[in-house]
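Trainee: give me coordinates for this.
(one chain, ligands or ions: 1)
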Amino acid sequence: MSKFAQLGLSSQLTKAVEKGGYESPTPIQEKVIPLMLQGGDIVAIAQTGTGKTAAFVLPILERLKGNQHKAKPKHCSTLIIVPTRELAKQIDDNIEKYGKHIYHQRACVVGGMKYPKQIQRLNQGLDILVATPGRLEDHLKSGNLSLDHTETLILDEADQMLDLGFFPAIRRIAKRTPRTSQTVLLSATMPKPIRALAAELLNNPKDVAVAPASTPVERIEQAVMLMEKPAKRPFLVQALANQFRTIIFTRTKHGADQLVKYLSKQKVVASAIHGNKSQNQRQRTLEAFRKGEEHILIATDIAARGIDIPDVSLVVNYDVPTTPEAYVHRIGRTARAGREGRAITLCAPEEQKFLRDIERLIKAKLPIENVKAGDIDDDSYDPMKAAAKPPEYASGKPAKNTDRKDDGERRSPKSRRRGDAKKHESTRFEGKKTEPRKSKQGHRGDDASADGQGAPRRKKSGNKNPPRGPARNRNKNQQSSRNSEKSGR
Ligand code: AMP
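Mentor: Numbering: from 1, shown residues only. A predicted model of the protein is given here:
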C-alpha cells in the first residue's frame, strides 16, 4: 500500500501524485489529508513550498470521487480563496493535475479577466471554484453565484490576505457559506488577527503546525549586503552574472519598472510582474520565467506570493521588506520542495531598522556584509562567486558559530583570528545558511551599527583584518579618491 493510500486516498489520486513524481507525502500532507477527510475545521501553519496545496486539494478531490450529484447552477461545493491571481491559477493547475482521473467541474475566477466567460462557468455550477476575494464578491453581489451549498471553504495564504486588507471581504464571504461547511485556514505565519479570524469563522478547529527538521527558511543561505542606496543597482548587475532563475523583489511597482529599464541598459533581460500589469501580461511573464525563456523576474510582494517555480536559485530583496512576514514569503520562492537556495537582501542604512523584526521572526541572525562603492567598481568583484557554499555547509555540517563584529558583520572566530585575506574571500558569505538558533538577548539593533545613521564603521584599533572583498587589495588613497569621485557624480 502506498504511503498516500495509507492517508485514505484512493487509487485515482495516488496514481496521479505518484505520476507527478511524489514518492511520499510531505509532513503537512500527512497531517492535513486525514483530518480533512474526517471533516471538521483546521488551522494549519504551513510555509510556502511545503506541499500545502496538495494537502488540501487531494482530500477535496477524494470527496468528489464517486459524487453522483451534478453541481447546481450558480453554486460551488468547494470554494478556495487565495490572495493573488497567480496563486489562483497555480492552484487551478494543480487541481487539474491531481484530478485527472476524477470527474469534476471547476473554474478559476480572478480579477483582470473578462466577466462574461466567468459568468458562463458559474452558471453551469461548479464542484471547485478557486477565486480571489474582490472578483468573487462582485459575482456574489451580482447574483452570479451563491454559496448556500458550499460544503468546503479553503482560505489559503491567510497572512497575505491580511496584509492586503482582504479580511473584511473574507468575513463577508465566509458568512454566506452554511455553518456546517468545513473550513480550512492555511497561513505561513499566525499573527493575532489571523487567530482572531479563525476563532470567529471556524468551529472548534484542529491546529496543525508542521515543524519539519528543515523548514525552507532554514535551507536558504541568507545574507544581507549593507550598502548605500545608489550602490544597489551596480551591485545587482554583478550579482546577476551567472545566475540561473532569479527573482528580485522591489517594494513598489514603479521601482520594479525602473529596475527593468536599468537592467535593460546594462544588457540584462528582465521582466516585471506587479499590480499595474494586465493579467495577461502577468501570466505571460510568469510563464516565460517558469519555462526558462527568461531568467530574471522582478516582482512586487503582491504579485509573487505563493508562486511555485522550481529551481529559483536566487532571491534578491532589492528593498528590505518592511514587514518580516514578507521576507519569509519572498525568500520562500527559492529552496522549494526540499531544494536549497540563496537569498540576498540589499540593505541601505536607513532600512536596517527592518532587519531586527525579520530576525525575530525567523529566530536567526542574518549575516551582514558591508559593501563599499569601491567593491562594486572592481571588475573582479563577483558577489555570487563569493556566495558559493562554504565548505562546512557543502559537507552538510552545521555552520560554525559566528560572532558579530563591531562593524555589524559576522564571521567565524577562527577566520577572525587568522586575518587571512584569501580565507575572507572564500568565506565572504560564511554562515549564510542561517542557523535556526534562538536570537541572543543583545541584538544587532542594540548596538550603534543598527541606528540607521549610516553604514557602521570598522574600528580603527583592535581589528587587524584587511577589509573584505576586492577593496582589500587597494590602498586607502585609491579607495577614498574613488569614493569621492562617485559621490560627486
Ligand atoms: P506548495 O507548498 O503547495 O506550493 O508546493 C511546493 C512544491 O512541492 C510544488 O512544486 C509541489 O509540486 C511539490 N510537492 C507537493 N507535494 C509533494 C510531495 N509529496 N513530494 C514531493 N514534492 C511535492
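
Trainee: now for the closest residue to the ligand within the stretch 351-489 of the chain, how many residues are close by?
Mentor: At 18.0 Å from the ligand, I362 is the closest residue in the stretch 351-489 of the chain, using C-beta to the nearest ligand atom. No exception for glycine: its C-beta is placed from N, CA and C like everyone else's. I362 has 21 neighbouring residues, counting by other C-beta atoms under 10 Å.

Trainee: tell me how far it lies from I331.
Mentor: Per C-beta to C-beta, to the nearest Å, I362 is found 9 Å from I331.

Trainee: confidence score at Y115?
Mentor: pLDDT recorded at Y115 is 95.

Trainee: repeat for P212
Mentor: 44.

Trainee: how about L122, phi and psi?
Mentor: phi -60, psi -40 (degrees, to the nearest 10).

Trainee: actually, H295.
Mentor: The phi/psi pair for H295 (degrees, to the nearest 10) is phi -100, psi -10.

Trainee: can you count the residues close to Q38?
Mentor: 12.

Trainee: would you check how far apart it and P230 are?
Mentor: Relative to P230, and taking C-beta to C-beta, Q38 is found at 57 Å.

Trainee: surely L236 is within a helix?
Mentor: Yes - if the criterion is DSSP: H, G, I helix; E, B strand; the rest coil, then L236 is within a helix.

Trainee: you'd agree it is up against L314?
Mentor: No - L236 is not in contact with L314 according to C-beta atoms under 8 Å; the separation is 10.9 Å.

Trainee: which residues do these two both contact?
Mentor: Listed as contacting both L236 and L314 by C-beta atoms under 8 Å, 6 or more residues apart in numbering is no residue at all.

Trainee: tell me the domain ranges of the protein?
Mentor: Domain segmentation of the chain under automatic domain parsing yields 5-209, 220-386.

Trainee: lowest-confidence stretch among those?
Mentor: Set side by side, the domains of the chain differ in mean pLDDT, and domain 220-386 is lowest with a mean of 84.

Trainee: now do that domain: distance to the chain's middle.
Mentor: Centroid separation for domain 220-386 versus its chain: 11 Å, with C-alpha atoms, centre = their mean, to the nearest Å.

Trainee: try stretch 79-98
Mentor: 16 Å.

Trainee: close to the ligand, is it?
Mentor: No - judged by C-beta under 6 Å from any ligand atom, stretch 79-98 makes no contact with the ligand; its nearest approach is 7.2 Å.

Trainee: cool, stretch 169-184 as well?
Mentor: No - shown here: stretch 169-184 not in contact with the ligand (C-beta under 6 Å from any ligand atom), separated by at least 13.5 Å.

Trainee: quick one: contacts of that stretch?
Mentor: 32, 36, 39-44, 56, 79, 81, 133-134, 136-137, 140, 146-155, 161, 197, 200-203, 205.

Trainee: filter these to the buried ones?
Mentor: Buried by 16 or more other C-beta atoms under 10 Å: 32, 36, 41-44, 56, 79, 81, 133, 136-137, 140, 146-147, 149-155, 161, 197, 201-202, 205, out of the contacts of stretch 169-184.

Trainee: just those: which are in strands?
Mentor: 42-44, 79, 81, 152-155 (DSSP state E).

Trainee: would you map the strands across the stretch 51-200 of the chain?
Mentor: For the stretch 51-200 of the chain, the strands defined by DSSP state E, counting those that start in this stretch occupy 76-81, 106-109, 126-131, 152-155, 182-187.

Trainee: mind putting those into a markdown table with distance to Q258?
Mentor: Shown next, in a markdown table, are those (distance: least, C-beta to C-beta, whole Å):
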| stretch | distance to Q258 |
| --- | --- |
| strand 76-81 | 33 |
| strand 106-109 | 32 |
| strand 126-131 | 32 |
| strand 152-155 | 35 |
| strand 182-187 | 32 |
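
Trainee: give me every residue that touches the nearest residue to T26 once chain neighbours are set aside.
Mentor: Distance criterion C-beta to C-beta, 6 or more residues apart in numbering; nearest residue to T26, sequence neighbours excluded, is G51 at 3.6 Å. For G51, the contacting residues are 22, 25-26, 28-29, 337, by C-beta under 8 Å, 6+ apart.

Trainee: what's the spacing between I28 and V320?
Mentor: With C-beta to C-beta as the criterion, I28 and V320 are 29 Å apart.

Trainee: settle it for me: which of the two has more neighbours?
Mentor: I28 (24 against 21).

Trainee: need the residues of the stretch 1-150 of the chain near the ligand, please.
Mentor: So the stretch 1-150 of the chain meets the ligand at 22, 25-26, 29, 48-54 (C-beta under 6 Å from any ligand atom).
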